[in-house]
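In: Show me the folded form of this:
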Amino acid sequence: MARTGWTTTDMPALDGRTVIVTGANSGVGLATATAFAQAGAHVVLAVRDTERGKAAAAVVGGRNEVRRLDLADLASVREFAGNWNRPVDILINNAGVAGFPGSRTADGFDLQFGTNHLGHYALTNLLLPNLTDRVVTLASGAHRAGDIHFDDLELSRRKYGFAASYGQSKLANLLFTLELDRRLRAVGSPIRALAAHPGYAATNLGTQGRNRFLVAAVRAVGNALAQSSEQGALPTLFAATQDLPGASYIGPDGRREMHGHPTLVGRSAKAADPIIAQRLWTASAELTGIEFDLRPESIRNT
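Out: Predicted structure coming up:
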């Protein structure tokens with residue numbers, strides 16, 4: 001049968017390269033970490049639960065290590081970055097949460113916005129002096145339903161809704177990528193910022209804390225209709241290893257971007273707005289106390 005699209009067999013050898021994958025315990029993150037390890041990379045599983053991380057590391061194989069990182073706690077993000085003292089070629093901002101109405105991070109932010117966006121914003125900026133190649137941040141088709149509520153980023157003064165919270169966090173991921181890439185180019189950095197989304201993949205996202213019978217039903221439907229985590233990881237792997245322009249957005253090439261092989265995909269007008277992106281960056285810096293601090297003299301030679 002003829003090949004229909006890009007797969008992990010098309011990945012280049014990554015021997016000698018270091019990749020950090022957040023949320024590598026399960027699902028798309030685990031599949032992503034495994035593919036990197038199989039390509040020869042040294043993979044760092046950045047996870048909140050290190051015991052689960054060790055179990056995942058056994059699946060990943062190859063050269064890997066497990067480090068604790070809780071993106072819902074800026075102190076943990078600072079500790080992770082503070083203990084990192086060597087080059088890292090690729091950072092995969094994969095971890096994400098969905099659901100949890102009314103839940104807050106350790107710093108008081110809406111859990112989805114705080115974890116999916118602010119945690120990765122902080123991690124990326126703190127690791128920038130060590131990065132050499134690219135940053136890939138996972139977004140979602142749900143970004144199209146999102147708005148950035150600048151008057152209430154923590155969603156504490158409005159009626160809470162899943163679409164508002166998750167959509168805001170995923171829109172933020174794309175705006176973060178857009179502004180990060182602009183800033184990197186402005187200082188002459190060779191690092192590229194890209195985004196990806198997995199399409200409809202069978203994962204545990206959004207199932208924690210839910211009724212177990214409902215979860216079982218959703219999983220049954222998902223297993224029948226969704227693509228595998230391995231297939232869902234392909235856009236991330238493509239974005240991380242192919243020669244693509246900065247700020248590219250990669251997703252599946254199938255109908256409604258739900259299934260298929262990785263390709264360049266579109267985004268909403270809001271997700272491509274540089275003014276909104278710069279405004280969100282300023283707000284994120286104020287909320288986290290972390291600024292973009294990459295000077296030309298600090299850029300690593302690749």
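In: Spit out the contact partners of Gly199.
Out: 141, 227, 231-232, 235, 251-252, 254, 257-260 (C-beta atoms under 8 Å, 6 or more residues apart in numbering). For glycine as for every other residue, the C-beta is placed from the backbone atoms N, C-alpha and C.
In: Is there a quick ChimeraX command that grabs whichever of the residues you listed are buried?
Out: Buried residues within these, as defined by 16 or more other C-beta atoms under 10 Å, are selected in ChimeraX through the command that follows:
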select :141,227,231,232,235,251,252,257,258,259,260
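In: Adding secondary structure and pLDDT, write the contacts of Gly199 out as JSON lines.
Out: Converted to JSON lines, the contacts of Gly199 look like this (DSSP: H, G, I helix; E, B strand; the rest coil; pLDDT from 0 to 100):
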{"residue": "Gly141", "secondary structure": "helix", "pLDDT": "95"}
{"residue": "Gln227", "secondary structure": "strand", "pLDDT": "94"}
{"residue": "Gln231", "secondary structure": "helix", "pLDDT": "97"}
{"residue": "Gly232", "secondary structure": "helix", "pLDDT": "97"}
{"residue": "Pro235", "secondary structure": "helix", "pLDDT": "98"}
{"residue": "Gly251", "secondary structure": "strand", "pLDDT": "97"}
{"residue": "Pro252", "secondary structure": "strand", "pLDDT": "97"}
{"residue": "Gly254", "secondary structure": "coil", "pLDDT": "92"}
{"residue": "Glu257", "secondary structure": "helix", "pLDDT": "93"}
{"residue": "Met258", "secondary structure": "coil", "pLDDT": "94"}
{"residue": "His259", "secondary structure": "coil", "pLDDT": "94"}
{"residue": "Gly260", "secondary structure": "coil", "pLDDT": "96"}
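In: so can I have JSON lines of the contacts of Gly199 showing distance to Lys270?
Out: Shown next, in JSON lines, are the contacts of Gly199 (distance: C-beta to C-beta, whole Å):
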{"residue": "Gly141", "distance to Lys270": "14"}
{"residue": "Gln227", "distance to Lys270": "27"}
{"residue": "Gln231", "distance to Lys270": "28"}
{"residue": "Gly232", "distance to Lys270": "24"}
{"residue": "Pro235", "distance to Lys270": "21"}
{"residue": "Gly251", "distance to Lys270": "17"}
{"residue": "Pro252", "distance to Lys270": "22"}
{"residue": "Gly254", "distance to Lys270": "24"}
{"residue": "Glu257", "distance to Lys270": "17"}
{"residue": "Met258", "distance to Lys270": "21"}
{"residue": "His259", "distance to Lys270": "25"}
{"residue": "Gly260", "distance to Lys270": "25"}
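In: tell me which of the contacts of Gly199 is nearest to Asp133?
Out: Lowest distance from Asp133 to those (C-beta to C-beta) belongs to Pro235, with 17.3 Å.
In: just checking, that closest one touches Ala195?
Out: No: because the distance of 9.2 Å does not satisfy C-beta atoms under 8 Å, Pro235 is recorded as not touching Ala195.
In: tell me, what's touching these two both at once?
Out: Ile250.
In: Now for the protein: which strand has the highest residue count?
Out: Among the elements of type strand in the chain, defined by DSSP state E, the one spanning the most residues is strand 131-138.
In: Check which strands are paired with that one and give the direction for each one.
Out: Take DSSP bridges as the rule and strand 131-138 pairs in its sheet with strand 88-93 (parallel), strand 192-196 (parallel).
In: Show the average pLDDT along it.
Out: Strand 131-138 comes out with an average pLDDT of 98.
In: which residues sit against it?
Out: If you take C-beta under 8 Å, 6+ apart as the criterion, strand 131-138 is touched by 17, 28, 87-94, 96, 120, 124, 173, 176-177, 180, 190-198, 236, 239-240, 300, 302.
In: Just the CA atoms from that strand would do, formatted as PDB, please.
Out: Taking C-alpha atoms only, strand 131-138 is exported to PDB below (Å, rounded to 0.1, in the frame of the first residue of the first chain):
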ATOM      1  CA  LEU A 131      17.600  26.700  24.200                       C
ATOM      2  CA  THR A 132      19.300  26.100  20.800                       C
ATOM      3  CA  ASP A 133      16.600  25.100  18.200                       C
ATOM      4  CA  ARG A 134      12.900  25.400  18.800                       C
ATOM      5  CA  VAL A 135       9.900  25.600  21.000                       C
ATOM      6  CA  VAL A 136       6.700  23.700  20.100                       C
ATOM      7  CA  THR A 137       3.500  24.500  22.000                       C
ATOM      8  CA  LEU A 138       0.400  22.400  21.800                       C
END
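In: low-scoring pLDDT stretches of the stretch 151-300 of the chain, where are they?
Out: Within the stretch 151-300 of the chain, the ranges that satisfy pLDDT under 70 run 158-160, 202-224, 296-300.
In: Kind regards, and thank you for your time.
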